[in-house]
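Visitor: Starting from these lines, generate the structure:
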Amino acid sequence: MKYFLLIPLLVTQTYFSQSVSADLDKSVKEMMSASNALSANLSFYVSDENGNLVYEFNGNKGLSTASTQKIFTSAAALETLGKDYQWKTTASYSGKISNGNLEGDFYITSNGDPTLGSWRYEAYKPENFKQKLLEAIRKSGIKKITGDLIVDDSYFDFQSTPGGWPWNDLGNYYGAGTFGVNWKENQFDININGNQIKNYSYDLDNVNWINDLKTGGSSDQSLIFTAPHSETALINGMLPGGKTTTVSGATPNPPMQLAAEVKKLLEENGISVSGKVTTYYNERLAGKSVSKAPSANVIFEYKSPTLDKIVYWLMRKSINLYAETLIKTMAKEKRNDPTFETGVDFLKDFWKSKGINPNMINFADGSGLSPQNYVSPKAQVQALIYSKKQSWFDAFYEGFPTQNGIKMKSGTIKDSKSFAGYQTSKNGKNYVFSIILNNYQGGSISNALFKVLDNLK
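Guide: Here you go, the predicted structure:
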């Protein structure tokens, strides 16, 4: 009897699957026949929640993923580091404290906390960190520092951005590098009226600006160029005239920025610093040697939010800094080599171990900002299905934004767009999908893809 009851169900499921496949194919052909798609490449893969193929169009073809690359990075970090993982920032000193005088150097160091000084977390804002640090210094009895104030940023290697990132992206907020000590998500804001800089969200330490802005148009068409550790910054392009626009850039030397702000904090509270203010890598650049932060004499420990909360913001706001910090952290924690190359290799090996063909995951970074990432939608679907079966899935899934009524992560780079995620149709069918469209020129690339994905609703 049960056998006969299953027959109508299987027939119905097969009909719906065939119908959805036909509708998807029709929409794909319409999109790809448009003039905007004359030279475009599309790769698309849809399965049910068990991995059974529903539809594909060049599903094995690797294309530039943009920020849907973060799916691979976030899931791997949740599994290998654990959703409760926390980064740590400490303060310590060398020498001794005598009658309120620190006869030695004062150090701040971190293992790369990407949220240090972030405004996104209520209990972790810059003022919170500074106040707790000040309280710890007072409790230690330090009233004067006779030596140097040193931010030890040596936990990661010197290279702060992946080699494949375009120069046009590096100085903008989304192109912020990741350092051994990060501060305020390594970004700043500039308020600009027309082409005249009015003020900054905070004073950048020792940065000289060249302003080549022009006025015109109705939207922000400006670009900021700052190189890591450079003291020269350029802003050019075009901004609308007659109104104030806020433009966000990447801080060129976040560890030094933190050092300068801590010195100011101490001096405002009657604690003087007789020596210089510097960082580990600043001294290296000057051809000098400097000791790393001592493991003894630790007076302050400050932990980040847990990884699950960080992944939420990483996915929801597509924060490249967070993704690249995860790459370096996994490289350091799992292979004791905190370089981008090692992190990318680790990420590829992780997903290879989960059954994904390594030829379909040609990673170049952790965030997707590099156009050198080439990943197939089939591989993304396999990663999404694997993630759905894990104990950490709820933390992963919560970060996915809802766009066009579908729970999915998006990715955007020049003339390219990608979406990947999960969708339950009105008839209760659960789909997992990834779609990547490269070199679609003109028109609304998002709307073109939305029309295709509407068939999954």
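
Visitor: so where is the stretch 151-300 of the chain shaky, pLDDT-wise?
Guide: Along the stretch 151-300 of the chain, segments meeting pLDDT under 70 are nowhere present.

Visitor: can you map out the helices along it?
Guide: 167-170, 254-268, 280-285 (DSSP state H, counting those that start in this stretch).

Visitor: of those helices, which approaches residue 351 most closely?
Guide: Residue 351 lies closest, by Cβ to Cβ, to one member of the helices of the stretch 151-300 of the chain: helix 167-170, at 25.1 Å. C-betas here are computed from N, CA, C, even on glycine.

Visitor: I'd like to know which elements that closest one is packed against.
Guide: When contacts are defined as 3 or more Cβ pairs under 8 Å, 6 or more residues apart in numbering; DSSP states H and E, helix 167-170 sits against strand 221-226.

Visitor: Quickly run through the sheet partners of the strand it packs on, with directions.
Guide: strand 232-239 (antiparallel) (DSSP bridges).

Visitor: what's next to the partner strand, contact-wise?
Guide: Identification of contacts with strand 232-239 by Cβ atoms under 8 Å, 6 or more residues apart in numbering yields 171, 190, 192, 194-195, 197, 204, 207-217, 220-226, 245, 247, 249, 252.

Visitor: Just the buried residues of that strand, please?
Guide: Using 16 or more other Cβ atoms under 10 Å as the test for burial, strand 232-239 gives 233-235, 237-239.

Visitor: Centre-most residue in this structure?
Guide: With distances taken as Cα atoms, centre = their mean, residue 320 lies nearest the centre of the chain, 2.2 Å away.

Visitor: most packed of the helices of the stretch 151-300 of the chain?
Guide: helix 254-268 (a mean of 21; mean count of other Cβ atoms under 10 Å).

Visitor: May I have that one exported as PDB, CA atoms only?
Guide: Extracted in PDB, the C-alpha atoms of helix 254-268 (Å, rounded to 0.1, in the frame of the first residue of the first chain):
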ATOM      1  CA  PRO A 254      46.700  50.900  11.300                       C
ATOM      2  CA  PRO A 255      49.200  49.700  13.900                       C
ATOM      3  CA  MET A 256      50.900  53.200  13.800                       C
ATOM      4  CA  GLN A 257      47.500  54.800  13.900                       C
ATOM      5  CA  LEU A 258      46.700  52.900  17.100                       C
ATOM      6  CA  ALA A 259      50.000  53.800  18.600                       C
ATOM      7  CA  ALA A 260      49.500  57.500  18.000                       C
ATOM      8  CA  GLU A 261      46.000  57.400  19.500                       C
ATOM      9  CA  VAL A 262      47.100  55.500  22.600                       C
ATOM     10  CA  LYS A 263      49.900  58.100  23.200                       C
ATOM     11  CA  LYS A 264      47.300  60.900  23.000                       C
ATOM     12  CA  LEU A 265      45.000  59.000  25.400                       C
ATOM     13  CA  LEU A 266      47.800  58.600  27.900                       C
ATOM     14  CA  GLU A 267      49.000  62.200  27.700                       C
ATOM     15  CA  GLU A 268      45.400  63.400  28.100                       C
END
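
Visitor: how close does the closest residue in space to residue 143 that isn't next to it in sequence get to residue 272?
Guide: Using Cβ to Cβ, 6 or more residues apart in numbering and skipping the chain neighbours, the partner closest in space to residue 143 is residue 100 (3.5 Å). Distance, residue 100 to residue 272, by Cβ to Cβ, to the nearest Å: 11 Å.

Visitor: Identify the contacts common to those two.
Guide: With Cβ under 8 Å, 6+ apart as the test, residue 100 and residue 272 both reach residue 144.

Visitor: ok so, going back, list only those of the contacts of strand 232-239 flagged as buried.
Guide: Buried among the contacts of strand 232-239 (16+ other Cβ under 10 Å): 171, 190, 192, 194-195, 204, 207, 213, 222-226, 247, 249, 252.

Visitor: Among those, which one lies nearest to residue 64?
Guide: Among the buried ones among the contacts of strand 232-239, and counting by Cβ to Cβ, the member closest to residue 64 is residue 223, at 20.3 Å.

Visitor: Return the residues in contact with residue 418.
Guide: 63, 65-68, 410-412, 434-437.

Visitor: The closest residue to residue 222 other than its chain neighbours pairs with what?
Guide: Nearest residue to residue 222, sequence neighbours excluded (Cβ to Cβ, 6+ apart): residue 237, at 3.9 Å. Counting by DSSP bridges, residue 237 is bridged to residue 213, residue 222.

Visitor: what's residue 65 in contact with, if anything?
Guide: 368, 373-375, 380, 411, 418, 436.

Visitor: For my notes, please list the contacts of residue 418 in TSV and give pLDDT, distance to residue 141 and secondary structure for each entry.
Guide: Output for the contacts of residue 418, formatted as TSV (pLDDT from 0 to 100; distance: Cβ to Cβ, whole Å; DSSP: H, G, I helix; E, B strand; the rest coil):
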residue	pLDDT	distance to residue 141	secondary structure
63	97	60	strand
65	94	53	coil
66	96	52	helix
67	97	48	helix
68	98	52	helix
410	98	52	strand
411	97	52	strand
412	95	52	strand
434	98	58	strand
435	98	61	strand
436	98	59	strand
437	97	62	strand
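
Visitor: Could you save the residues you listed as a markdown table and add columns showing distance to residue 94?
Guide: Shown next, in a markdown table, are the contacts of residue 418 (distance: Cβ to Cβ, whole Å):
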| residue | distance to residue 94 |
| --- | --- |
| 63 | 52 |
| 65 | 46 |
| 66 | 46 |
| 67 | 43 |
| 68 | 46 |
| 410 | 48 |
| 411 | 46 |
| 412 | 47 |
| 434 | 52 |
| 435 | 55 |
| 436 | 52 |
| 437 | 56 |
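
Visitor: Phi and psi next, for the closest residue in space to residue 57 that isn't next to it in sequence.
Guide: In space, and not counting its chain neighbours, residue 57 is closest to residue 44: 4.3 Å by Cβ to Cβ, 6+ apart. According to degrees, to the nearest 10, the main-chain angles of residue 44 amount to phi -150, psi 140.
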